[in-house]
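Chemist: Generate coordinates for the sequence data below:
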Amino acid sequence: MWKQFVAGAGAVAFAAVASAADIAGAGASFPAPLYAKWAERYKAETGILLNYQAIGSGGGIKQISANTVDFGASDKPLKPRELAKRGLYQFPTVIGGIVPIVNLPGLRPGQLKLTGPLLADVFLGKIRRWNAPQIAAVNPGLRLPNLPITVVHRSDGSGTSFLFTSYLALQSRDWQEQVGANDAVQWPTGIGGKGNDGVSAFVKQTGGAIGYVEYAYAKQNGSASVLLRNKAGRFVPPNARTFAAAAESANWRRSPGNHLVLVDQPGAIAWPIIGATFILVHRDQRDAARGASVLKFFDWAYTHGDAQAAALDYVSVPTPVENLLKRQWARVITAGGKPVYAPAAR
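Modeler: Numbers count the residues shown, from 1 in each chain. Model (predicted):
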């Protein structure tokens, strides 16, 4: 559903930008539900169209590196060395949660409890049935179905996968040594779905399935999420409150290149798998006006988009961090040695 959206009426091809002021972007599906909401309102207020394709973080990095879009989007932050190599700059827009979702007959959302090590063993294919003793041990009194487990994972390069596998690598030495953490890995078992919507669809139609998606997709599709044990040892649900609790420890001021991975954060009610989603732009803009259009859109989103972000259970970047980023924009993103856009702090 979210693979492509265009603000305003009528379909527009990916490369067919309506005017010089309109904006083309591509990448992560993680923030696509929110970018669609922002784009719709921005179009109504300014007349400027945002044409965004949710093709996955890997695709977004390739598209911006090739200069075929005005901005790329990735849930996997690039390290400072990689940014420098590609001539790119990145900044976060919002923070969201990655949630395991299941299709288990007879179980309501939030009934099933899982731990990080259990989740790793399921995705390694070491635990193959839902009534396995390891799962039953953390779910006393819960009637678990005698069903085979079908693992559903992303088939495309995905920042969502990067965050999910980064968490599993922290929780399981076997996962770290056998699979690792990346936006694309060699999955030991399971079937692949393209995008968050593809994973959601496979889980919904497959009894006994488990997958992982950005929370907005789980909420929108009515998917059954699980309770996950956090670093404090508590089983917590995925929601805006637990995402915000995990995000509180983020220290952007000490993150060169704005590179920050936010999995397994401390906090009594912190959700264990959260991450920021990032925008990628060229430091040296070939067209100052187009570069300014991108920054104006996200400046507007920082100022006016918090309510829509909260409605979809994303966590907004704190205002002091937004102001820090805006100062970076004025210093780092230039055309002909001059800043393309210098926003005011709020």
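
Chemist: Kindly provide the distance from the closest residue to Thr46 other than its chain neighbours to Asp306.
Modeler: Leaving aside its sequence neighbours, Thr46 sits nearest to Trp300 (Cβ to Cβ, 6 or more residues apart in numbering; 7.8 Å). C-beta: built from backbone N, CA, C; applies to glycine. According to Cβ to Cβ, to the nearest Å, Trp300 stands 12 Å off from Asp306.

Chemist: One more: Gly208?
Modeler: 39 Å.

Chemist: Would you mind identifying the next helix or strand past the longest strand belonging to the chain?
Modeler: Longest strand in the chain, counting residues (DSSP state E): strand 88-102. Next helix or strand after strand 88-102 toward the C-terminus (DSSP states H and E): strand 113-114.

Chemist: What is the distance between the following helix or strand past that next one and the centre of its chain?
Modeler: Remark: after strand 113-114, the chain's next helix or strand is helix 116-124, criterion DSSP H and E. Taking Cα atoms, centre = their mean, to the nearest Å, one finds the center of helix 116-124 at 21 Å from the center of the full chain.

Chemist: Show me what helix 116-124 is packed up against.
Modeler: helix 133-137, strand 150-154, helix 159-171, helix 173-178, strand 227-229 (3 or more Cβ pairs under 8 Å, 6 or more residues apart in numbering; DSSP states H and E).

Chemist: out of these, nearest to Lys194?
Modeler: Distance to Lys194, taken as Cβ to Cβ, is lowest for strand 150-154 among those, at 7.5 Å.

Chemist: where exactly do the helices run in this protein?
Modeler: 32-46, 57-65, 80-86, 116-124, 133-137, 159-171, 173-178, 195-205, 215-221, 240-247, 288-304, 306-311, 319-332 (DSSP state H).

Chemist: Can I get the ones you listed in a markdown table including mean pLDDT?
Modeler: Listed next are the helices of the chain as a markdown table, based on pLDDT from 0 to 100:
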| stretch | mean pLDDT |
| --- | --- |
| helix 32-46 | 96 |
| helix 57-65 | 95 |
| helix 80-86 | 97 |
| helix 116-124 | 98 |
| helix 133-137 | 98 |
| helix 159-171 | 96 |
| helix 173-178 | 98 |
| helix 195-205 | 93 |
| helix 215-221 | 87 |
| helix 240-247 | 93 |
| helix 288-304 | 96 |
| helix 306-311 | 94 |
| helix 319-332 | 94 |
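
Chemist: Could you export the ones you listed to CSV, including columns for distance to His259 and mean neighbour count?
Modeler: Shown next, in CSV, are the helices of the chain (distance: least, Cβ to Cβ, whole Å; neighbours: other Cβ atoms under 10 Å):
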stretch, distance to His259, mean neighbour count
helix 32-46, 22, 20
helix 57-65, 14, 24
helix 80-86, 6, 14
helix 116-124, 23, 22
helix 133-137, 35, 13
helix 159-171, 12, 25
helix 173-178, 20, 15
helix 195-205, 23, 22
helix 215-221, 23, 22
helix 240-247, 16, 22
helix 288-304, 18, 20
helix 306-311, 22, 16
helix 319-332, 13, 16
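
Chemist: need those in CSV with distance to Leu104, can you?
Modeler: Shown next, in CSV, are these (distance: least, Cβ to Cβ, whole Å):
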stretch, distance to Leu104
helix 32-46, 25
helix 57-65, 29
helix 80-86, 40
helix 116-124, 13
helix 133-137, 11
helix 159-171, 19
helix 173-178, 23
helix 195-205, 10
helix 215-221, 14
helix 240-247, 22
helix 288-304, 37
helix 306-311, 28
helix 319-332, 39
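
Chemist: what about those helices, which gets the closest to Val152?
Modeler: Smallest distance to Val152 across the helices of the chain (Cβ to Cβ): 4.5 Å, for helix 195-205.

Chemist: From the rest of the structure, what touches the closest one?
Modeler: Here helix 195-205 makes contact (Cβ atoms under 8 Å, 6 or more residues apart in numbering) with 1-3, 29-30, 32, 54, 56, 101-103, 152-156, 158, 160, 191-193, 209-214, 217-218, 221, 223.

Chemist: Show me just the buried residues among these.
Modeler: Neighbour-count burial (16 or more other Cβ atoms under 10 Å) applied to the contacts of helix 195-205 gives 1-2, 29-30, 32, 54, 56, 101-103, 152-156, 158, 160, 191, 193, 209-214, 217-218, 221, 223.

Chemist: Distance to Lys326 added to the helices and strands packed on helix 116-124, as TSV?
Modeler: Output for the helices and strands packed on helix 116-124, formatted as TSV (distance: least, Cβ to Cβ, whole Å):
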stretch	distance to Lys326
helix 133-137	47
strand 150-154	33
helix 159-171	23
helix 173-178	37
strand 227-229	35
